[in-house]
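1. Quick one, fold the following:
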Amino acid sequence: MTERKQTIDQRIALTVEKLKQLKAKKQLIEARHRATQAKQERAIDTRRKILLGAFMLEIMEQRGFTAATLEDGKFDRWLVRPDDRALFSLARY
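-> Model (predicted):
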């Protein structure tokens, strides 16, 4: 009986180990899925910003606005990074 019990205990241990491996694999798959979703969401957000920006630049050009005149200078105050300000020919802070 001891030999049979040991075999059952061994089988249980193997099954428990297999379960741990499968849970780890599931976590990895879920993490990859979340990373893929996050990447897609960032790409969609970036595309929206590009399209909206292109639209706004076209409207500004048609109406003769500049980045400095947008909404009484709010855009000028909103942009703080020198590289970003240079894109719109705004003076450095």
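2. CA atoms only for the least confident helix or strand in the chain by mean pLDDT - export them in PDB, please.
-> Lowest by mean pLDDT, DSSP states H and E among the helices and strands of the chain is helix 74-78, with a mean of 84. What follows is helix 74-78, C-alpha atoms only, in PDB (Å, rounded to 0.1, in the frame of the first residue of the first chain):
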ATOM      1  CA  LYS A  74      -2.900  80.200 -24.100                       C
ATOM      2  CA  PHE A  75      -1.100  77.900 -26.500                       C
ATOM      3  CA  ASP A  76       2.000  80.000 -26.300                       C
ATOM      4  CA  ARG A  77       1.900  79.600 -22.500                       C
ATOM      5  CA  TRP A  78       1.000  75.900 -22.700                       C
END
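3. And the contacts of that helix?
-> Taking Cβ atoms under 8 Å, 6 or more residues apart in numbering as the criterion, the residues outside helix 74-78 that touch it are Ala67, Ala68, Leu70, Phe88, Leu90. No exception for glycine: its C-beta is placed from N, CA and C like everyone else's.
4. Ser89 and Gln10: what is the separation?
-> Ser89 is 75 Å from Gln10, where distance means Cβ to Cβ, to the nearest Å.
5. Just the buried positions in the least confident helix or strand of the chain, please.
-> By neighbour count with 16 or more other Cβ atoms under 10 Å, helix 74-78 contains the buried residues Phe75, Asp76.
6. Could you do stretch 80-87 as well?
-> The neighbour-count criterion (16+ other Cβ under 10 Å) identifies Arg85 as the buried residues of stretch 80-87.
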